[in-house]
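In: Pasted the sequence and its predicted model underneath.
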Amino acid sequence: MATDQLIVSAVGPWSAPPGVAPVGVIHGRFQPLHLGHLEYLLAGKRACETLIVGITNPDPGEIVFEPSDPERGKPAANPCTYYERHLMIEGALLDSGIEPTAFRIAPFPHSHPDRLLNYVPKDALFLLTIYDAWGETKLRRLADLQLKTHVLWRRNSKVTSGSEVRRRILTNESWEDLVPPAVARVIRQFAIDERIRASAS
């Protein structure tokens, strides 16, 4: 999926930070990574020289209930392993023309704020997108850690969502148009689509 196609599908303006940060950090569950995520990834890369992509809920045994987003911790909302999501992010960025030396991928246990700085540098610029109360919770949590943050955009609607991708897979509808080709390859390689359907039976 070309970057210009993603920009056309955007539903709100992008707010560039002042200057380009040496290191930027973005984060998400990526269950699975979809076109809205890719837009966020590429916007984050435009804002920094080296992008760190944090994967939240990296360990199923450490998932915490989040009142502002109660669905995010449920097993059905987390069908992909950390490794599978790592491959999705890596493949989507490489397919988009991002050099392999320009990004890193790391765990990002957002529900355990005291652990975050074991995985990402404190002096990075933390880049967020906000759609709802959960987004505001994440921003507040990072601010409480006295980390430098920048909101790339606030929007009322999303390009798509991981829940919509999972719903389409579950109901045997077409889903490939909602994810980058690299993600579709990972989903098929690891039979994640079959796993999602089996979990509901």
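Out: Yep, it's here. Not measured: the values here are computed from a predicted model. Numbering: from 1, shown residues only.

In: residue ranges for the helices of this structure, please.
Out: 3-9, 35-46, 82-95, 133-144, 162-170, 181-189, 192-199 (DSSP state H).

In: where does the protein dip in pLDDT?
Out: For the chain, the stretches with pLDDT under 70 are 1-13, 65-66, 68-73.

In: just to revisit the earlier point, would you format the helices of the chain as CSV with mean neighbour count included?
Out: Yep, even glycine has a C-beta here, placed from its N, CA and C like the rest. Shown next, in CSV, are the helices of the chain (neighbours: other C-beta atoms under 10 Å):
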stretch, mean neighbour count
helix 3-9, 12
helix 35-46, 23
helix 82-95, 20
helix 133-144, 15
helix 162-170, 19
helix 181-189, 19
helix 192-199, 16
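
In: for the ones you listed, which one sits closest to Pro121?
Out: The closest of the helices of the chain to Pro121 is helix 133-144. By C-beta to C-beta, the value is 13.2 Å.

In: for the closest one, packing partners?
Out: In terms of contacts (3 or more C-beta pairs under 8 Å, 6 or more residues apart in numbering; DSSP states H and E), helix 133-144 is packed against strand 125-130, strand 148-154.

In: So which of those strands has the densest surroundings on average?
Out: strand 125-130 (a mean of 22; mean count of other C-beta atoms under 10 Å).

In: quick one: which of the helices and strands packed on helix 133-144 is nearest Pro60?
Out: Of all these, strand 125-130 comes closest under C-beta to C-beta, at 24.0 Å.

In: okay, the helices of the chain in a markdown table with distance to Ala102 next?
Out: Shown next, in a markdown table, are the helices of the chain (distance: least, C-beta to C-beta, whole Å):
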| stretch | distance to Ala102 |
| --- | --- |
| helix 3-9 | 15 |
| helix 35-46 | 7 |
| helix 82-95 | 8 |
| helix 133-144 | 23 |
| helix 162-170 | 25 |
| helix 181-189 | 16 |
| helix 192-199 | 27 |
